[in-house]
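# no sequence for this one, just the structure:
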């Protein structure tokens, strides 16, 4: 066998090894990342599941869509403070003008507004200005910082933007206007939907 041919054969073997290294490294990374995510990603707290299901019955938005939003926005109400730098409020991170209504005289721009305290949670004021805020627990207030009110309000918003009719991605985009946000929420939508189907089949 000619020496040059042996050398070429050896080099070809090295080339394959070099090409395989990135594949092995990437595979190991994705396996590691998946395991880390499974360990660190919080499960849906039981106390919220009944709220998602109740909201689904009223607004037609699948429970796992609401769970996904809640997870992405505030990790199931565990993030502090519950007000973002932009002014979004509560477990589902509503801008005040979206919650109370963009017809409010103080609402413009990004929607922080200058809404008086006595109007922020008033269902009559919210109805007047076309907001999405909902008094879900019947205490006379539609409070963006109250878990049940916030989840029902999110269901109300998503429903009116197409989620109740199967246009989930469209509704999710309307919620935040970010493709990255849509991708993140949809990741959890599929995850929780799959988990729900697996539980139902057992």
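Yep, it's here. Keep in mind the model is a prediction, meaning the values are calculated, not measured.

# Next, the contact list for the residue nearest the centre of the chain, please.
The centroid of the chain falls nearest to residue 69 when counting by CA atoms, centre = their mean (2.7 Å). Residues near residue 69 by CB atoms under 8 Å, 6 or more residues apart in numbering: 92, 154, 158, 172, 175, 185. Yep, even glycine has a C-beta here, placed from its N, CA and C like the rest.

# tell me the domain boundaries of the chain?
Listed domain ranges for the chain are 1-40, 46-201 (source: automatic domain parsing).

# pLDDT on the shortest one, on average?
Looking back up the chat, that one is domain 1-40. Here domain 1-40 scores 47 as its mean pLDDT.

# what about residue 47, which SS state?
At residue 47 the chain is in helix, as set by DSSP: H, G, I helix; E, B strand; the rest coil.

# Burial check on it, number of neighbours?
Residue 47 has 10 neighbouring residues, counting by other CB atoms under 10 Å.

# any idea how far it is from residue 60?
23 Å (CB to CB, to the nearest Å).

# re earlier: tell me the one of the contacts of residue 69 nearest residue 107?
Using CB to CB, residue 175 comes nearest to residue 107 of the contacts of residue 69, at 17.5 Å.

# Please, which helix or strand holds the closest one?
Per DSSP states H and E: residue 175 is located in helix 168-176.

# residues making contact with that helix?
With contact meaning CB under 8 Å, 6+ apart, helix 168-176 is reached by 61-62, 65, 69, 154, 157-159, 161-163, 179, 181-182, 185-186, 189.

# Repeat that for stretch 77-85.
42, 70, 74, 89-91, 93, 145, 147.

# could you flag which of the residues you listed are buried?
70, 74, 89-91, 93, 145, 147 (16 or more other CB atoms under 10 Å).

# which ones are touching the residue nearest to residue 68 when sequence neighbours are not counted?
In space, not counting the residues next to it along the chain, residue 68 is nearest to residue 188; the distance is 3.6 Å by CB to CB, 6 or more residues apart in numbering. Shown in contact with residue 188 (CB under 8 Å, 6+ apart): 64, 67-68, 71-72.
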